[in-house]
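In: Kindly return the folded structure for what I paste below:
(2 chains)
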Number of protein chains: 2
Amino acid sequence: MTTAILGLGNMGAGLARRLAGTDLVLGARNPAAAAALGKEVGAPVVSYADAIAKADVIVLALSLSRAIDAIAGANLSGKVLVDISNPMTPDFNGLTLGFTTSAAEELQKAAPGAQVVKAFNTIFSGVFAAPRSATVAVPVFLAGNDTGAVDAVAAVVTASGFTPERSGPLDSARLLEPMGLMNVRFAYGLGRGTAIAPAWVKLAA
Amino acid sequence: MTTAILGLGNMGAGLARRLAGTDLVLGARNPAAAAALGKEVGAPVVSYADAIAKADVIVLALSLSRAIDAIAGANLSGKVLVDISNPMTPDFNGLTLGFTTSAAEELQKAAPGAQVVKAFNTIFSGVFAAPRSATVAVPVFLAGNDTGAVDAVAAVVTASGFTPERSGPLDSARLLEPMGLMNVRFAYGLGRGTAIAPAWVKLAA
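Out: Down below sits the predicted model:
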């Protein structure tokens, strides 16, 4: 199974480093500019279109609008698309959509031949730089309608050093994206910093 | 500081038992029917109106619509109202409102003289029956616009054997209520049971 990461900003590069050594391809608008990262993680850096063509699971480490642009015209039949975005207002204090939809569902509408899975939206980019021992029990919440697609993303999550947390159908993204904004409020507005993540605790008996 | 609990269903009764021994008054539509609980926790059981009049902090352990009914006509000046509700659809699979508002904000609109604080909406009623040692580190997320009101509710949370988690202004209820529904999905749809709660973890250095 080949994983592609489209977009090599803080989130994409952080995840790429966690997936170094797996069957990985990096997609960039300007592949030449990302050559150093590709060398570091041992993965080819190609165009978005080539990365999509080569991969089974495609992580869109892009804002929703850029993700929709990146997949335009591609043959996505049988592909799994991973939406990691939080659809935030420019001041990072609100969401641009929710309640009756979610970024993940909007991506699914734009990619009807693919299976969209929500993942990683409650993980700050800096968390990828922590030691694996600090994140292996941290949940990555997964929402998706296709069991096989969710399983494929769960394998990527495990390979990246987190715990996959199956969270129901794709419309659970309506619940996970507000959690992503709560994470941002805790980190910035409430001054806790970004070495945090939401989790579900099981009560001791 | 006197705390009132209005509504003595599973949530209200569970919280009342946790607050036994504090300065507590219980409000019921039919006080006589709740005499046994009052005796058990050592608190008077009175009408909603009388409980509101006697208390500084009033926990509305009621659905939003019943909470709004319960406070109708009361003098709420200087009172702190605690909204614990999750505004769920009858099938418990969706929210009836969100994104541009929240149950807590709707309650605030109905009670302009009071200070509304969101709390306890991610705590299942059965969790109140756990030993205190099992819940003392479990967060109760608080959202409110008035620091003094949030502090007062934080004191109630601490007295009830949980950790108060300040989560920003009242509009953070738009983020906490979806988290309440995610909690319900994990407990029921995803089969984890109700001995769970969301929390924020700090990553090990």
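
In: can you give me the helices in chain A?
Out: A:10-18, A:35-41, A:48-54, A:64-71, A:103-110, A:132-135, A:147-159, A:173-184 (DSSP state H).

In: other SSEs contacting the last one?
Out: For helix A:173-184, the packing partners by 3 or more CB pairs under 8 Å, 6 or more residues apart in numbering or on different chains; DSSP states H and E come out as helix A:103-110, strand A:115-118, strand A:139-144, strand A:196-202, helix B:173-184. For glycine as for every other residue, the C-beta is placed from the backbone atoms N, C-alpha and C.

In: Of all those, which one is nearest B:Val153?
Out: Closest approach to B:Val153 among these (CB to CB): helix B:173-184, 12.9 Å.

In: list the buried ones in stretch A:70-77?
Out: Buried residues in stretch A:70-77, defined by neighbour count with 16 or more other CB atoms under 10 Å in any protein chain shown: A:70-71, A:74, A:76.

In: quick one: contacts for the residue of chain A found nearest chain B?
Out: Sorted by distance to chain B under CB to the nearest CB, the residues of chain A start with A:Phe99, at 3.6 Å. With contact taken as CB atoms under 8 Å, 6 or more residues apart in numbering or on different chains, A:Phe99 is in contact with A:174, B:95, B:97-100.

In: which of those residues are buried?
Out: Those of the contacts of A:Phe99 that meet the buried threshold are A:174, B:95, B:98-99, by 16+ other CB under 10 Å.

In: Flag every residue of chain A that's near chain B.
Out: A:95, A:97-100, A:127, A:130-131, A:133-135, A:138, A:166-168, A:172, A:174-176, A:178-179, A:181-183, A:185-186, A:189-190, A:192, A:195-205 (CB under 8 Å from any CB of the partner chain).

In: now, which of the contacts of A:Phe99 sits nearest B:Ala13?
Out: For the contacts of A:Phe99, the nearest to B:Ala13 is B:Leu95 (25.0 Å; CB to CB).

In: Any idea what the closest one is bridged to?
Out: Beta-bridge partners recorded for B:Leu95 (DSSP bridges): B:Met88.

In: just to revisit the earlier point, any chance of the buried residues of stretch A:70-77 in JSON lines, plus pLDDT and distance to B:Val59?
Out: Below are these laid out as JSON lines (pLDDT from 0 to 100; distance: CB to CB, whole Å):
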{"residue": "A:Ala70", "pLDDT": "97", "distance to B:Val59": "49"}
{"residue": "A:Ile71", "pLDDT": "97", "distance to B:Val59": "48"}
{"residue": "A:Ala74", "pLDDT": "97", "distance to B:Val59": "53"}
{"residue": "A:Leu76", "pLDDT": "98", "distance to B:Val59": "50"}
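
In: okay, these in TSV with distance to A:Ala20 next?
Out: As requested, those are exported to TSV (distance: CB to CB, whole Å):
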residue	distance to A:Ala20
A:Ala70	22
A:Ile71	25
A:Ala74	25
A:Leu76	26
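
In: how about low-confidence regions in chain A?
Out: A:205 (pLDDT under 70).

In: Return the backbone torsion pair for the most centrally placed residue in it.
Out: Taking CA atoms, centre = their mean, the centroid of chain A lies closest to A:Ile84, which sits 3.1 Å from it. The phi and psi values for A:Ile84, taken as degrees, to the nearest 10, are phi -110, psi 10.

In: ok, for it, nearest residue in space, not its chain neighbours?
Out: Closest residue to A:Ile84 apart from its sequence neighbours, by CB to CB, 6 or more residues apart in numbering or on different chains: A:Phe120 at 4.1 Å.

In: so how far is stretch A:46-61 from its chain's centroid?
Out: Distance of stretch A:46-61 from its chain centroid, counting by CA atoms, centre = their mean, to the nearest Å, is 13 Å.

In: and what of stretch A:2-13?
Out: Using CA atoms, centre = their mean, the offset of stretch A:2-13 from its chain centre is 9 Å.

In: Next: stretch A:157-172.
Out: 10 Å.

In: got the buried residues for stretch A:176-191?
Out: So for stretch A:176-191, counting by 16+ other CB under 10 Å, buried means A:176-187.

In: Need the contacts of A:Phe99 in TSV (columns: distance to B:Leu6).
Out: Formatted as TSV, the contacts of A:Phe99 follow (distance: CB to CB, whole Å):
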residue	distance to B:Leu6
A:Arg174	30
B:Leu95	23
B:Leu97	21
B:Gly98	24
B:Phe99	28
B:Thr100	27
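
In: and which of these is nearest B:Met11?
Out: Checking these against B:Met11 by CB to CB gives B:Leu95 as the nearest, at 17.8 Å.

In: now, of the helices and strands packed on helix A:173-184, which is deepest in the fold?
Out: strand A:115-118 (a mean of 30; mean count of other CB atoms under 10 Å in any protein chain shown).

In: Could you export that strand as CSV, CA atoms only?
Out: Presented in CSV, the C-alpha positions along strand A:115-118 are these (Å, rounded to 0.1, in the frame of the first residue of the first chain):
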residue,chain,number,x,y,z
GLN,A,115,-13.6,7.2,-0.1
VAL,A,116,-12.9,10.1,2.2
VAL,A,117,-11.6,9.5,5.8
LYS,A,118,-11.2,12.2,8.4
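
In: who are the neighbours of it, in terms of helices and strands?
Out: strand A:80-83, helix A:103-110, strand A:139-144, helix A:147-159, helix A:173-184.

In: residues making contact with that strand?
Out: By CB under 8 Å, 6+ apart, strand A:115-118 touches A:79-84, A:102, A:104-105, A:107-108, A:141-146, A:148-150, A:152-153, A:167, A:170, A:172-173, A:176-177.

In: so A:Ile123 sits right up against A:Pro139, yeah?
Out: No: using CB atoms under 8 Å, A:Ile123 is not in contact with A:Pro139, being 9.3 Å away.

In: Are there residues contacting both of the two? Which ones?
Out: With CB under 8 Å, 6+ apart, A:Ile123 and A:Pro139 have common neighbours A:162, A:197.

In: hmm, back to that, tell me the one among the buried ones among the contacts of A:Phe99 nearest to A:Leu26.
Out: So of these, ranked by how close each gets to A:Leu26 (CB to CB), first place is A:Arg174, at 30.2 Å.

In: Kindly provide the distance from the closest one to B:Glu177.
Out: 11 Å (CB to CB, to the nearest Å).

In: Repeat that for A:Leu64.
Out: Taken as CB to CB, the span from A:Leu64 to B:Glu177 is 23 Å.
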